[in-house]
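Trainee: Structural data only, the sequence is not supplied:
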């Protein structure tokens with residue numbers, strides 16, 4: 001029983017992948033893609049879910065998936081055109097299919113009325129084609145209750161069923177498929193009688209281990225069309241000889257040749273041939289499945305196309321997390337060994353020093369390999385958003401198109417797990433607040449369909465995610481007035497455009513005129529900012545009135561290990577992320593300029609950047625140190641470039657990230673902590689947060 005439950009868990013995991021492929025394929029078709037392989041991929045996804053659901057007796061899921069795949073079969077055969085109306089129905093069907101999978105997985109009750117209504121919509125697409133009714137006439141009115149279209153499609157086919165002749169080829173068994181699941185699938189279409197023909201079976205000494213010598217004839221009693229029978233063999237197409245003919249009324253009583261099955265078993269055991277065959281009737285359940293390869297995919301299993309030569313395994317995430325922790329300890333111990341060797345005065349040419357260098361290289365390779373295991377594309381988050389956009393668009397009465405880019409961008413799984421809620425909030429706000437109503441967009445000359453863009457890419461060793469819209473942009477006058485009315489800022493507060501935009505992140509701030517199930521309770525963007533900051537990331541806004549807004553998230557690629565520059569500030573040791581550092585330099589007297597009574601800038605190759613003393617910013621000293629005696633780290637920030645003044649550089653090192661908030665508390669300007677090779681705890685600098693603590697926005701006007 002436990003084994004069956006394990007298989008079911010795997011089935012539901014594959015369902016999530018199949019549902020993602022299904023939605024991506026339908027969205028591609030919606031944008032005008034007509035590649036037959038896209039249609040085939042969509043069909044295979046639904047067919048695979050149906051096959052796996054049938055193996056576990058999930059009848060409601062099987063029934064819905066069957067109607068869905070029937071429509072898709074009509075599309076891929078060219079008998080039905082994938083119009084915009086039809087694709088809208090199929091996207092709703094994909095949502096229902098996802099709900100049914102979730103309901104089966106979590107053993108909860110699904111909205112049967114809604115599922116049945118969408119199922120009837122799917123049937124109506126087929127019935128409309130058969131009766132000549134334009135599919136566009138089936139466009140769903142969201143305000144009206146769905147009424148299934150009743151069409152007389154004529155009498156059933158004159159035949160009472162089909163005669164199916166099957167001869168597997170060796171390629172079928174080589175691809176880990178088997179005849180038994182195919183026979184079981186046929187039995188789902190109606191009563192069957194099966195005859196096994198073993199006339200092609202050779203003598204034992206002539207048999208090839210990978211050969212195929214048997215044939216089956218199945219007489220299927222059903223009113224289902226030939227296409228429904230043929231689709232059972234979709235995944236073995238080309239791997240078997242198949243013939244499907246109308247079933248004649250000859251009164252034949254075919255049956256399964258159990259004796260032949262016994263002969264196969266005896267032959268495998270090395271026994272002599274048995275007596276001549278005797279045909280007896282038996283149900284298909286009496287068939288003994290052939291010994292397929294371990295983990296093999298059969299017609300009754302969820303089917304997945306596998307890349308040639310590429311193999312994957314499923315591993316419990318806890319095991320990977322444990323491996324990550326061990327690698328972190330390995331990095332710390334390697335650093336400690338290097339520290340002890342340096343303190344002992346070993347020359348770089350000694351065998352001990354060489355061995356430590358080799359250990360460092362090996363440790364880094366292990367760490368890179370382990371982190372690659374945890375790296376996952378953001379597709380798992382992005383694929384949830386199209387449905388969200390459709391639901392909010394319906395709720396707000398707007399026409400919205402979601403454009404996604406960079407779905408293959410990889411990031412550590414621990415980061416991905418925390419991204420869903422922030423992105424959901426921003427997508428919700430983009431549709432509800434960012435985009436104008438259809439009527440207003442029409443009045444101002446914009447396309448009636450608003451566009452929301454979700455993109456991901458790598459930049460400077462971090463992952464950047466952008467959520468943008470082509471709406472009206474932020475109404476800063478209204479934002480400022482709301483903040484004043486709520487007592488969030490004084491009426492005479494002088495705010496720049498950037499500072500006004502950042503009011504959206506204040507707790508309790510909302511521009512919604514009324515509370516709804518979408519927004520208006522003042523909970524949203526402040527939660528987003530806290531979530532991103534908890535990941536060591538930052539969020540910024542860029543908005544142009546009349547053209548739209550873009551929210552940009554910048555996050556670390558991993559929360560486990562980073563390459564850093566170890567520096568000294570006063571009597572403290574800091575680690576600055578190497579990805580943020582452009583270069584290090586020693587300031588000259590002619591390059592340092594005063595800016596006002598307290599600010600200084602540094603000339604760097606013809607441009608000026610703010611010069612900031614990290615010790616003062618973090619409160620470790622009250623007076624700035626002499627920039628001519630320290631070292632400047634030229635860093636890249638969201639607002640531009642800046643020069644961070646430190647006392648000295650100890651060196652470059654790979655460090656293990658330890659959460660400061662979980663073990664102590666959040667510290668302004670600090671992202672996390674780490675353990676150095678000598679056992680001391682060092683703080684990891686949050687470059688952007690540290691700059692924001694002191695540098696006025698205007699100072700960045702000097703940056704190139």
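Mentor: Good, I have the coordinates. Here the structure is a predicted model, which means the values were calculated and not measured.

Trainee: Now do the contacts for the closest residue to residue 375 other than its chain neighbours.
Mentor: Distance criterion C-beta to C-beta, 6 or more residues apart in numbering; nearest residue to residue 375, sequence neighbours excluded, is residue 410 at 4.3 Å. All C-beta atoms are positioned from the backbone trio N, CA, C, and that covers glycine. Counting by C-beta atoms under 8 Å, 6 or more residues apart in numbering, residue 410 makes contact with 375, 376, 377, 378.

Trainee: and the gap between residue 410 and residue 579?
Mentor: 16 Å (C-beta to C-beta, to the nearest Å).

Trainee: Pop the domain breakdown of this protein in here.
Mentor: Listed by automatic domain parsing, the domain ranges of the chain are 2-138, 161-286, 317-376, 378-556, 561-702.

Trainee: all strands of the stretch 601-704 of the chain, in order?
Mentor: For the stretch 601-704 of the chain, the strands defined by DSSP state E, counting those that start in this stretch occupy 607-613, 631-637, 640-646, 648-656, 670-675, 681-685.

Trainee: And the contacts of the fourth one?
Mentor: Under the criterion C-beta under 8 Å, 6+ apart, residues 328-329, 331-332, 335, 363-364, 367, 560-568, 573, 575, 578, 584, 630-631, 674-677, 682, 684 lie in contact with strand 648-656.

Trainee: The last one too?
Mentor: When contacts are defined by C-beta under 8 Å, 6+ apart, strand 681-685 is touched by residues 562, 564, 566, 572-577, 614, 655, 657, 660, 667, 669-676.

Trainee: Just the buried ones from those residues?
Mentor: 562, 564, 566, 573-577, 614, 655, 657, 660, 669-676 (16 or more other C-beta atoms under 10 Å).

Trainee: Least confident secondary structure element in this structure?
Mentor: Scoring the helices and strands of the chain by mean pLDDT, DSSP states H and E places helix 258-269 at the bottom, with a mean of 42.

Trainee: quick one, the helix or strand just after it and strand 670-675 angle?
Mentor: Per DSSP states H and E, the first helix or strand lying C-terminal to helix 258-269 is helix 317-343. Interaxial angle, helix 317-343 versus strand 670-675 (axes from the mean of the first three to the mean of the last three C-alpha atoms, to 10 degrees): 70 degrees.

Trainee: Provide the contact partners of the next helix or strand after helix 317-343 at residue level.
Mentor: Using DSSP H and E, the helix or strand that follows helix 317-343 in sequence is helix 351-374. Helix 351-374 is contacted by residues 315, 320, 323-324, 327, 330-331, 334, 337-338, 341, 346-347, 412-414, 558, 560-561, 654 when judged by C-beta under 8 Å, 6+ apart.

Trainee: ok, 7 Å please
Mentor: With contacts defined as C-beta atoms under 7 Å, 6 or more residues apart in numbering, helix 351-374 is touched by 320, 323-324, 327, 330-331, 334, 337-338, 341, 346-347, 412-413, 558, 560-561, 654.

Trainee: Poorly predicted segments of the stretch 451-600 of the chain, please.
Mentor: 460-461, 508, 510-524, 559 (pLDDT under 70).

Trainee: try 50 this time
Mentor: 514-515, 520-523 (pLDDT under 50).

Trainee: before we move on, back to that, pull out the buried residues from the contacts of helix 351-374.
Mentor: Buried among these by 16+ other C-beta under 10 Å: 323-324, 327, 330-331, 334, 337-338, 341, 346, 412-413, 558, 560-561, 654.

Trainee: Next up, the contacts around the residue positioned nearest the centre of the chain.
Mentor: The centroid of the chain falls nearest to residue 380 when counting by C-alpha atoms, centre = their mean (0.9 Å). Contact partners of residue 380, counting by C-beta under 7 Å, 6+ apart, are residue 416.

Trainee: Give me the phi and psi for it.
Mentor: phi -60, psi -30 (degrees, to the nearest 10).

Trainee: Before we move on, what's the pLDDT of it?
Mentor: With respect to pLDDT, residue 380 has a value of 81.

Trainee: Tell me the spacing between it and residue 393.
Mentor: 23 Å.

Trainee: now do residue 685
Mentor: Distance, residue 685 to residue 393, using C-beta to C-beta: 43 Å.
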